[in-house]
Each structure stands twice: as structure tokens, then as C-alpha cells.
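Colleague: Sequence and predicted structure are below.
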Amino acid sequence: MAVACPECDNPLTIDADEVEEGETMQCDECGADLEIVSIDPIEIAVVDEAGYDDEDAAHHDDEEDE
Ligand SMILES: [Zn+2]
């Protein structure tokens, strides 16, 4: 199955039988680090090198995790 790279729209051929959810790969075209976030259907997302902490910082609510 071909999935477009979210960075450069390069079609990436991914065989669902050969990859696992959470696995990371690299785009041949732009070199972006991509994580396979879903297998069925296949969905990929760019791995943010800065980490995911930035998103938490955007929250202003005083929510507790409880
Ligand atoms: Zn790419």
C-alpha cells in the first residue's frame, strides 16, 4: 500500500505485513522520520524531534490527571 509522506507527499510503499504500529521509518525523498501510527488503515506521522512536551505546554487549564 502506498501512503503519501506527510512532509513531501512522496508516495511510500508500506507493506502492512512487514511493519508494526509504533515503528519508525525514514522517507527516502525528504529524510523525515516517520512513525507508523496505525496499520489498518496505514497512517503515518512525522516524528517531532522536539518531542511531544510542547503540546502540553500549550494547555492553560489546571487539569489534574486524576
Ligand atoms: Zn518525505
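Modeller: Nice, I can see it. Residues are numbered from 1 along each chain as shown.

Colleague: For the most centrally placed residue in the chain, which residues count as its bridge partners?
Modeller: In the chain, the residue lying closest to the centroid (Cα atoms, centre = their mean) is Ala45, at 2.1 Å. Applying DSSP bridges to Ala45 gives these bridge partners: Glu35.

Colleague: how about the residues of this protein near the ion?
Modeller: By the criterion of Cβ under 5 Å from the ion, the positions of the chain lying close to the ion are Cys5, Glu7, Cys8, Asn10, Cys27, Glu29, Cys30, Ala32. (C-beta placed from N, C-alpha, C; glycine too.)

Colleague: Show me which pair in the residues you listed is furthest apart.
Modeller: Looking at the residues of the chain next to the ion by Cβ to Cβ, the two members farthest from one another are Asn10 and Ala32, with 9.3 Å of separation.

Colleague: still on that earlier bit, between the residues of the chain next to the ion, which is closest to Ala16?
Modeller: Nearest to Ala16 among those is Cys5, at 17.0 Å by Cβ to Cβ.

Colleague: Could you verify my assumption that the closest one touches Met25?
Modeller: No - Cys5 lies out of contact with Met25 (Cβ atoms under 8 Å); the separation is 10.0 Å.

Colleague: Compare the two (neighbour count), which wins?
Modeller: Between Cys5 and Met25, counted using other Cβ atoms under 10 Å, the more crowded position is Cys5 (19 against 16).

Colleague: Model confidence score at that one, please.
Modeller: The per-residue pLDDT reported for Cys5 equals 96.

Colleague: excluding its backbone neighbours, what's nearest it?
Modeller: When the adjacent residues along the chain are set aside, Cys5 lies closest to Cys27, with 4.6 Å between them (Cβ to Cβ, 6 or more residues apart in numbering).

Colleague: Also Ala16?
Modeller: According to Cβ to Cβ, 6+ apart, the nearest residue to Ala16 is Ile39 (5.4 Å).
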